[in-house]
Structures are given as structure tokens and as C-alpha cells.
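A.B. asks: Compute the structure for the input listed below.
(2 chains)
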2 protein chains.
Amino acid sequence: MSDKLDRLQTLLARVDHLSSASAVLTWDQETYMPAGGAEPRAQHLATLSQLSHEFFTDEEIGTLLDQLQAELSDADPDTYEASLVRVTKREYDKATKIPSELIAELSRTSSHAKEAWKEARATDDFEKFQPHLEKLVDLNKRMADALGYADRMYDALLDNFEPEMRTADVERIFGDLREKLVPIVERISEREAPDDGVVRRHFPTERQWAFGLSVVEDYGFDTDCGRQDYSTHPFTISFAPSDVRLTTRLQEDYLPSGLFGTLHECGHGLYEQGIPPEWADTPLGSNASLGLHESQSRLWENLVGRSYAFWRHYYPQLQETFPDQLSDVDLDHFYRAINRAEPSFIRVEADEVTYNLHIMLRFELENAMLDDEIAIKDLPDAWNAKMEDYLGITPPNHAEGVLQDIHWSMGALGYFPTYALGNLMSCQLYRAANDAIPDLEAQIADGQFGDLLGWMRTNVHQHGKKYAPQDLLKRATGQTLGADDFVGYIRDKYSGIYGALD
Amino acid sequence: MSDKLDRLQTLLARVDHLSSASAVLTWDQETYMPAGGAEPRAQHLATLSQLSHEFFTDEEIGTLLDQLQAELSDADPDTYEASLVRVTKREYDKATKIPSELIAELSRTSSHAKEAWKEARATDDFEKFQPHLEKLVDLNKRMADALGYADRMYDALLDNFEPEMRTADVERIFGDLREKLVPIVERISEREAPDDGVVRRHFPTERQWAFGLSVVEDYGFDTDCGRQDYSTHPFTISFAPSDVRLTTRLQEDYLPSGLFGTLHECGHGLYEQGIPPEWADTPLGSNASLGLHESQSRLWENLVGRSYAFWRHYYPQLQETFPDQLSDVDLDHFYRAINRAEPSFIRVEADEVTYNLHIMLRFELENAMLDDEIAIKDLPDAWNAKMEDYLGITPPNHAEGVLQDIHWSMGALGYFPTYALGNLMSCQLYRAANDAIPDLEAQIADGQFGDLLGWMRTNVHQHGKKYAPQDLLKRATGQTLGADDFVGYIRDKYSGIYGALD
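C.D. replies: Sure, this is the predicted structure:
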């Protein structure tokens, strides 16, 4: 067996090295690349991803997996060998089901669709994007058919981002969440929102950078094994667990945007740094799902970073960093300002109370598109109707409505729900960590994050992609995913800010 | 034919894209990569270069080249098709001659040798490096045997860096140069050297950066198609003609190091930006040789950047940039300070008068090692004897002597001469450009470089790797390489600084 395992690992390492190279090229593209680099870079990346797909779907890998699976049929499924074969086999079967022409067509179509989307958004003209989206939805249907699904077409797509999660489960969880959350949002909308003018003063970006990075290091991000750079659209990308790149964007006139964006990306980075380096060259050395990934970013951004305990420790430091801006603002005022919640149009700027409602409407519309329950041309009206229904507001134009996100232009249907699933997971994981670390809040108020990070390392990070996300969540928290921890967190926290919400 | 040509170009593009990806990974490695990235990065780069070699030496490429060569036997050799096939065939034949085990062994051996060299240099202990160098010389002999050579073993290695140049030609040119240069160096050594204390004052690096970059842009480097970053060891690397990366290093207490280093790398960058973008995915879309590359860097660094005309334009700007440091220093004083010449131990810090002597001794020692005329254990003594002979000085230790350069630890024998060849070419090309542009000096004194760059574009850059270096040089200057233009340049310029040198 060890010969076959060695050979499998050699073949998988080649695939991983090509993917890691792609990651470096992508990082440079978004951070330092001059304009002239765009066209050749797109070609270089296309070659790398094509080779990586060709090498991964090589029949030799399939044969080795089948042989090893047979030899390991009696093995403990938790061993490295059994886990590697199981996880790789799952990915191999999916990858070999998708015809390479379909991948190429999706790639070409989304290249054009992205340009059309930018143009449509700039001119507030949905019709410019409509034919591209129609084609992309058709290609997504073809992909779902190729991948196969037991129940709903959406299942096949969702599985690409959140393995083994079913559409019906998401509907059940979102239904429960909606029922409990919408009344809270309604109550909050009726109350007076905290003043946030104090965080809209002028905050020089160099000092924002230094403060943010100091928290990132306090959180436990190892800057010998990663770094932070600027980018227009913040993201985190890993070349290896020992080389994880964070990016951030800072606004001079709105402190929370860059600060919490930095902490958000740090959460992603901590996950990537916690994946066992000895798995790095295999499919095991990856995150469990996008939802789990988002749980980590949201935990360090919101559950920790927007908590009162956190600011008891950091607010004096922040005031020292920005004396002209904040010396006349007390901790309570600041805490309320950074936790101002209200219905808004733009998902990426939404507060933690209303954010999930933005996701739900996208999830419902994606299902309706796939199931032919809605024509693409009617999408803007449907969008606006759901915004009114969920958030009580109607976008003034399509740029702030149906055209605001890049995801559909990239052909990525099934991606959006992972944001909300991640929010729910973050609360469930935090609750479990809090149960295990009795003085967690006191530790946070003392700027100590080692126990919390250690718990995440043990219960989430170190497992890489070994377990399906819901298995991992159940091992870590005792339960599969639900909305209760999230709703409880929101109700408790925002009662303190807006008054009783029951 | 066009089907075969298309197929050849497709296969070559795949090779080029992998090489370009390697270049991005290498650039990041030397500029931004955190320490933890080193180990995985080495693995990712090894996979990319192995794949690139495998793809390039694919038999299908060999068959296509043979078929196309036959079909093109009557074609004008200057056409794109004929040039592509000729140049690619030359590289293919070389690449397929070297067994892949030899490449792998060289790579492994040089990895260890680099570490041993660092250690040996740090402890001034040549014996730590000696066994590694012995092995690397043996591997270079095996490579020369695999590649084949008509006359001298060194020919095969030199050809890797300076195609079609023969060892006997280099010996003849260096012999001539030595005869004319050593007396000049002796005379300069006897005279009083200009005071360079004024360029050893404190020059804040941010302002050095801004000044250097402004000259780089004046030279014509397009910052929409490239950029500059910091690195410990300055280098230039191209991902495509529209994405060329310069790096630099600045010293607070010695202005010339960073300033002329910046202009040197800019010269390399201008060459890369001038290569036809439509050739980028083929072997034609490359530099003609390392010597030609160095001719461009040295031209913009020395012939232009250290000229009196240049500083007539830029010195007032430099004084404005550094008023505290330079307001009491007049142009003549500054000009003499940046052109101080004297025998010194370290090649990379040598002035333009003595630099080539550092190269000649390396070239002679490399030949002696390959031809078994010297035992590796005797190398330090031989080094010191030649230093005394050429420059009249003896290194106080091996770190400043035989252990100063990284090249041998990388297994790169045959590389060094291209530095001196590039110096000679730079003077020959400048002389020809000066003949073609009657008011060139006046243009430089006016900060105008468009005509000079245009001449280099037309006569050097736009030909990529189409012509063998000496053909290119003859087309551009009317002559193949000789030492006369260099010696004339040095004698004229330094007579003005040190008094008559005849």
C-alpha cells in the first residue's frame, strides 16, 4: 500500500503546487500588479488552472484511489490514509464529472459577463447584464446536471462550496432564522440608532494600519508565516500554512470599515495558518468549507472584535492612537457607534443584525432562477420586492440593488448562503468555546486570545478538510447547524444597545 | 504549415506560462515573502521548473520543429516563422541533450552548496565550501560533455549564457583589454583619488527612492507596465513585456549604491519592456544574451547615469532633494565623487574602471578548474595571486576574496564573463548611438532620453532573441565585439578626472 500512497501523494503534490502557484499569481494580481500585467496574467492563470485540472483528473489518480479504498476498507476512517483517500475520492469524482469544455465555457462566459456587469452597474442598466446572466444560469444548470443531485438542482452547486449541505437544510435553517430575526430587525428599525458620527471623523490610514496589525498579532496571526498588504477588495489567500497573505483596505473617513475588515481577514488567516503543514500538498490540507471559513472570520471580527470586553482592553489604546479624534468619546459611545444596526442596501456594508437577510434573498432568487420559477428579466423587480419584505426598504437603483455583487457575473451560484451559514456557525462555535473556557470574556477584556485560538485550532483548524463541515461542527459544538445561538447572541447584545427586543 | 506552427506556438506558450509563473514566485520570494514561505516555495518552484522542462523537451515539439524546418528551408531567415523555428530548435537541441537526472542532481547539489557557501563565507572557512564546489565542477563537466563542444569544455557552458560565443574569442578580447587596461589602473592607483565623503553623508532613503524613480521614468521605463520594489539583492525580472519588475536596495550612508543600482536595474527593465509583446509566449520573446542584457543596464547606469552631461541636468534636482547634504558641494566635486576609481576587493562594489579585472580573474579560474589545471583546494591562493597581479591588492580574508560571489555555489560556471562582455558592449553600442544621434550629449544634458532609448529599441530590444548576440551587435554597431570602445571611453573620461592617462 505504501508505494501506492506515495505515488498518490506525489501526483497530488504536483496538483497542489500548481494551485499554490496560481494563488501567488492571484495575490500579486490584486496587490501589486501594474495595469499592463492584466492580459498576460489572465493567460498564465488559465494555463495553470487547466494543467492543475488535467493533472487532478488523471486516470492514474482514479485507479490509485480505487485500489487504496479497497485496501483500506477495514481501516479506521480517522487515520490519515483513510481520510486522504476518502476526501480525495470525493473531489476526484466531482472533478471528473464536469466536462472540461463546460469549465472552459464557464470561464470564457464569466470573463465577458464580468465586463458586462461592471458596465451595467456603472450605467445602472440591468439589461446589459441580463443576457450574460441568462447564459451563466444555463451553464450552472448544465454543471448541476453533470454533477448530479438527489433532490434539488441547487444541491449540486451548493455542494461545491459547502460539502454535503442540502438546499432543504438551508431552507429550514433560514426559515427558522427569518422567523426570529425579522421581528428583531423591525423593532430595531423603530428605535433611535446610536450616533456613529464619531467613527466618521478623519482617521489617518497609516495609524489605522498600525493599530489593526497590532490586534492581528495579538490575535495570534504569525507574521513570520504571513503578511498583510493593501488591496482594493480585501481577501485572504494561502500559499501554504506557513505563508498566508491577508489584504485590507482602509477608509480615512470611516474607521470601522478598515478596522473590522482587517480583523475579518485575520480570522480567515488564522484558520489557514492552523491547517497541518504536513497535509499542505494534499486535498486534506484545506479548509472544511466556505461556511467554516466565514465562521472564523466573523468570529474574530464580530464575536470578539465588536464585543464590549474587547474594547475595554483596546479602546484606551485606540484613543492614544487617535487622540484628536476620540479623546472626547467615551467607551460606551464608541461601542454603540461601531454596533449601529439598521436596514441598508449594500450587503458588504450591512451590520451583523441585518446581514443574513441580504443572503436569504439571494439564496431564494438563485433557487428561483435555477428552478425556472423566475425569468432573469424579472430579477430586478423580485429583488426589490424581497428587500421591502425583509428589510422594509427599496433600493433607489440597480447598482445598489440587484447589480451590487460580483458573484453571479463570475458564474458562482450556490456561494452566497455560505456567508450566512458562516455567521450562524461563528455563534455556535463561540458558544461552545465559551462553555469550555469559563473566563473567556475576562480573557478578552485582558487582550488574551490564546485559549480561544487554541480551542479553534483543536476543534476546527487542525482537522483541515478531514471531516464534512456538519460533522466537524457537531464534533466541536455537540450539534449540527441551527439558528438559535446566532439569534440568542443578537438578542442579548442588541438589547443592551437598543433596549429590550423581546 | 500554419497548423503545425499553431500547434508549436500552443505548446511553447504552455512552457512560457509556467516559466512566467516561476518568475512571479521568484519575485515574491525576494521581495515580500515571509520567512515561513521559504520551504514550500522551493517545492512549488521545483515543480514548475520540472514541468516546464518536461513540456519543452516533449518529442512532439522536436517533430514539429524538424517538419517546419524542412518546410521553411527556402524561406527568408528573417521572417518570424523561420526565426522562431531556428531559435527554438537551438534551445530544444540543447535542452534535450541534458539528462533530467543531471538537472535534478545539479539542483540538489547547489541547494546544499548555497547553504555551505553562506556558512563558509560567514566563518571565512573555504574548506567548508570546497567539497561542494568540487562536486559542482564535476557536474558542470558532465553538463559540458552532454552538451558537446568543438574546442574547449568551457565553450559548452559559456553558450548557456552567451550563445555562440567561444572561449577563445573571450580570451582574445580579454587579453587585449587586459593589456590596455592594467596600465590605466596602475596610473590611477598612483594618483590621488577624488574625495567621496560628500556622497557618504546621511541620505534618507524615502527621498532616494523618489529621486531614483523619477529618473527611471525620465529614462522611459513605463510604470503602467512595471514597478519597482525593495529587495536585499537587486534584480530585474519580467513576467511579460507589459509587466516588468525592478528591485532596488538603498543605503542611507552611501548615495551611489542605491542610486546607480536603481539606474542599472532600469536598464535591464527597459530592455525587457522593449521586447515585442507578440513574441512573449515563445523563445523569441527573450533577451539575446546575458551580455546584451548587461550592456543595457551598464549603459543607463554608467555611460548615461555617471556622465557629466547627465548631472548637468540632474544635479540641481538632487541638491533640491538633499539640500542639507549637498548644498555646499558643487557639480564638479559631486561628479568626481561618484566616479572615484580605485582597486578594491568586492566585485559588486567595483568602479567601472577596475570592474572588468574582477571578471577576468574569475573567467581564468573557471577555465583552470574545468581543465583540471588547478585543484579546488588551491583556489584561494590562486585567487589572491591574481588579485595582486591584476589589481595590486590582496584580500584580507576569503569572505572578501574567493568566497564573495554566490554564482559558483549555484553551479553557474560560464556566467561571469557576460558581465565584462556587457560592459564592452555597452560602450560599443553607445558609440554607435552617438554616431547616429549627433546631439546626444546635449539631449542628455537636457534630460531627454527618447532618441537614445529609441535607438536601443530599434537596434537591440525589438529583435528579442532573433539574432545571435554577435550578429545583433554587428548589425547595430558595424562590428563584432572588441575592447577598443570601452578602453577609449575609460581613457577619455578618467583623464578628465585623474589627469592624462596615456
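A.B. asks: Tell me if I'm right that residue A:20 and residue A:237 touch.
C.D. replies: No: the criterion here is Cβ atoms under 8 Å, and residue A:20 misses it with residue A:237 at 9.8 Å. (Glycine included, C-beta is placed from N, CA and C.)
A.B. asks: Give the residue from these two that has the larger number of neighbours.
C.D. replies: More crowded of residue A:20 and residue A:237, by other Cβ atoms under 10 Å in any protein chain shown: residue A:20, with 27 against 21.
A.B. asks: Helix, strand, or coil at the more buried one?
C.D. replies: Assigned with DSSP: H, G, I helix; E, B strand; the rest coil, residue A:20 falls in the helix class.
A.B. asks: How about the contacts made by it?
C.D. replies: Residues near residue A:20 by Cβ atoms under 8 Å, 6 or more residues apart in numbering or on different chains: A:239, A:240, B:40, B:44.
A.B. asks: let's see it at 10 Å
C.D. replies: Residues counted as contacts of residue A:20 (Cβ atoms under 10 Å, 6 or more residues apart in numbering or on different chains) are A:13, A:48, A:52, A:237-240, A:243, A:280-281, B:25, B:40-41, B:43-44, B:47-48.
A.B. asks: So which of these are in helices?
C.D. replies: A:13, A:48, A:52, B:25, B:40, B:41, B:43, B:44, B:47, B:48 (DSSP state H).
A.B. asks: which one among those gets closest to residue A:120?
C.D. replies: Nearest to residue A:120, judged by Cβ to Cβ, of these is residue A:48 at 29.8 Å.
A.B. asks: got the residues of the stretch 1-150 of chain A near chain B?
C.D. replies: Residues of the stretch 1-150 of chain A lying close to chain B (Cβ under 10 Å from any Cβ of the partner chain) are A:13-25, A:27-29, A:31-41, A:43-48, A:50-51, A:55.
A.B. asks: that's a helix at residue A:390, yeah?
C.D. replies: Yes: judged by three-state DSSP, residue A:390 forms part of a helix.
A.B. asks: OK, contacts around it?
C.D. replies: Per Cβ under 10 Å, 6+ apart, neighbours of residue A:390: A:178, A:181, A:182, A:185, A:343, A:354, A:356, A:357, A:358, A:360, A:361, A:364.
A.B. asks: Could you measure from the residue in the stretch 401-502 of chain A positioned nearest to chain B over to residue B:404?
C.D. replies: Closest contact between the stretch 401-502 of chain A and chain B, by Cβ to the nearest Cβ, is at residue A:464 (15.4 Å). The spacing between residue A:464 and residue B:404, counted by Cβ to Cβ, to the nearest Å, is 45 Å.
A.B. asks: Same drill for these two, tell me which one is more crowded.
C.D. replies: residue A:464 (24 against 18).
A.B. asks: Against residue A:277, how distant is that one?
C.D. replies: Taking Cβ to Cβ as the measure, residue A:464 and residue A:277 are separated by 10 Å.
A.B. asks: What of residue A:428?
C.D. replies: As for residue A:428, its distance to residue A:277 is 28 Å (criterion: Cβ to Cβ).
A.B. asks: close enough to count as contact, residue A:436 and residue A:478?
C.D. replies: No: with contact defined as Cβ atoms under 10 Å, residue A:436 does not reach residue A:478; the gap is 11.0 Å.
A.B. asks: Same drill for the two, tell me which one is more crowded.
C.D. replies: Neighbour totals were compared for residue A:436 and residue A:478, and residue A:436 leads with 15 against 11 (other Cβ under 10 Å).
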